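Asks: predicted structure and sequence below. I'll ask about it afterward.
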Amino acid sequence: MFILSSRMKFSKVAILGLPRKGNSVKQTIVRLISFFKQNNIEVFAEPKMINVYHLRDVQPFVASAPDKVDLGVVVGGDGSMLGACRDLAKYNIPVLGINRGHLGFLTDLKPNRIEEDLTRVILEGKFTVEKRNLIDILITEDDIVLEKHQALNEAVIHPKKIAHMFEFEIYVDDQFMNSEKADGMIISTPTGSTAYALSAGGPIMCPDIKAFCLIPMFPHTLNNRPIVIYEKHVITIDFLGDESSEVAIDGQVTVNVAPHQKVVIKRSQNSLSLIHPTDYSYYAVLREKLGWGAKLF
C-alpha cells in the first residue's frame with residue numbers, strides 16, 4: 001500500500017546501521033549529519049556508530065526510547081535494514097534506506113546523490129509511504145508461549161545438524177495440511193520473497209500481497225512444493241522425532257526449539273513504514289537487482 005504524503009515532517013532523525021571498515025560508510029554518515037544540521041534537524045545515532053566513527057554533536061539513540069525520533073535513516077545494505085526495521089516497526093517509526101551494501105532491495109537512495117534526494121524527501125515532502133507486513137514467530141509448549149520474535153523477511157526452521165533431514169507436520173489454523181521430511185522450511189513474507197526464499201525456489205511476491213509463502217528446503221519427495229497462504233491464517237509446525245531444531249529469524253537471530261515444542265507463525269500486528277522517493281518503482285528494483293531485461297524498443 002502506497003500513500004503519497006507531504007504532511008509528514010521530520011525534525012528528529014536517527015542514523016542507524018552496522019559500522020564497517022573503510023571510509024565510505026563514515027563519509028556517507030558525515031554528509032548526512034552535515035545535511036541535517038544545516039537544515040535544523042536534530043540528529044541521533046546508535047552508540048556503537050558514534051564510538052566507531054568518532055561522531056561529534058550527535059545524540060545517542062536508544063531503541064527503548066523511540067519517542068525521541070520521528071524517522072530512522074539506515075546506512076548500509078538489506079542486513080542493516082532488517083535489524084533496524086524490526087526495532088522501529090514496533091513503534092511505528094518510518095524508515096528510509098541509503099544503500100551501502102550489495103543488492104539493496106530495501107535501500108532506495110544512492111550515496112552519490114544524498115543531498116539532492118534528501119532535499120526532495122525530507123525538506124520538500126515528496127515521498128510515498130509503503131506498508132510492509134511482519135510476521136510473529138512464537139515458540140510454544142503445551143499452548144504456552146515461551147518466546148516471541150518478529151521477522152520482516154522470513155523464519156527458517158531447520159535441524160541443528162547441517163545437511164540433515166528431519167520430519168515435521170504443518171497445520172493451518174489447527175487443520176492438518178501435510179507432513180514433510182526435508183532439510184528445513186522457510187516461511188517468507190512478500191518482502192522476504194526476494195531474499196533467502198528466492199534462492200530456495202520460492203516465488204517472488206509483490207509487497208502488497210497479503211500472504212506469506214511456505215518453501216520446503218531440499219524435500220525428500222519432489223511433490224512437496226512451495227505454497228502461498230493468506231496472511232490471516234496461523235501456521236503451526238509440529239516436530240516428529242526427538243531431534244532439536246532451530247529457527248533463524250531474518251538470518252540474524254537464532255532460537256533453539258526442543259523436540260516437544262512447536263513453532264507458530266502468524267501475521268504481526270506491527271507493520272513497517274518504508275519511505276520511498278516519489279519515482280520509486282518495485283518493478284524497476286527487480287529489473288536492476290535481478291538483471292531482468294528492459295524494454296527492447
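Replies: It's in. Numbering: from 1, shown residues only.

Asks: OK, contacts around residue 209?
Replies: The contact partners of residue 209, taken as Cβ atoms under 8 Å, 6 or more residues apart in numbering, are 190, 228. To be clear about C-beta, it is placed using only N, CA and C from the backbone, and glycine gets the same treatment.

Asks: phi first, then psi, for it.
Replies: phi -70, psi 130 (degrees, to the nearest 10).

Asks: again with residue 121
Replies: Dihedral angles (degrees, to the nearest 10) for residue 121: phi -80, psi -50.

Asks: next, count neighbours for it.
Replies: By other Cβ atoms under 10 Å, 22 other residues sit near residue 121.

Asks: over to the one 10 residues further on?
Replies: Under the neighbour criterion other Cβ under 10 Å, residue 131 is assigned a count of 14.

Asks: centre of the chain versus the helix or strand containing it, how much separation?
Replies: Using DSSP states H and E, residue 131 sits within strand 127-141. Here strand 127-141 is found 8 Å from its chain centre; the criterion is Cα atoms, centre = their mean, to the nearest Å.

Asks: alpha carbons of it, as CSV, please.
Replies: Only the C-alpha atoms of strand 127-141 are listed here, as CSV (Å, rounded to 0.1, in the frame of the first residue of the first chain):
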residue,chain,number,x,y,z
PHE,A,127,7.8,10.8,-0.9
THR,A,128,5.5,7.9,-0.6
VAL,A,129,4.9,5.6,2.5
GLU,A,130,4.7,1.9,1.8
LYS,A,131,3.5,-0.5,4.5
ARG,A,132,5.3,-3.9,4.8
ASN,A,133,3.9,-6.6,7.0
LEU,A,134,5.9,-8.5,9.5
ILE,A,135,5.3,-12.0,11.0
ASP,A,136,5.4,-13.1,14.6
ILE,A,137,7.3,-16.3,15.5
LEU,A,138,6.1,-18.0,18.6
ILE,A,139,7.8,-20.9,20.4
THR,A,140,5.2,-22.7,22.4
GLU,A,141,4.9,-25.7,24.7
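
Asks: residues of that strand that come out buried?
Replies: Across strand 127-141, burial judged by 16 or more other Cβ atoms under 10 Å covers 127, 128, 130, 132, 133, 134, 135, 136, 137, 138, 139, 140.

Asks: phi, psi of residue 38?
Replies: Backbone torsions for residue 38, taken as degrees, to the nearest 10, come to phi -60, psi -20.

Asks: my bad, residue 198
Replies: Phi and psi for residue 198, reported as degrees, to the nearest 10, are phi -60, psi -40.

Asks: wait, it touches residue 205, no?
Replies: No. Using Cβ atoms under 8 Å, residue 198 is not in contact with residue 205; the gap is 10.1 Å.

Asks: just to revisit the earlier point, a markdown table please, covering the buried residues of strand 127-141 and showing distance to residue 15 and pLDDT.
Replies: A markdown table is the format used below for the buried residues of strand 127-141 (distance: Cβ to Cβ, whole Å; pLDDT from 0 to 100):
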| residue | distance to residue 15 | pLDDT |
| --- | --- | --- |
| 127 | 18 | 93 |
| 128 | 22 | 93 |
| 130 | 21 | 94 |
| 132 | 21 | 94 |
| 133 | 26 | 94 |
| 134 | 22 | 96 |
| 135 | 27 | 97 |
| 136 | 28 | 98 |
| 137 | 28 | 98 |
| 138 | 32 | 98 |
| 139 | 33 | 98 |
| 140 | 37 | 98 |
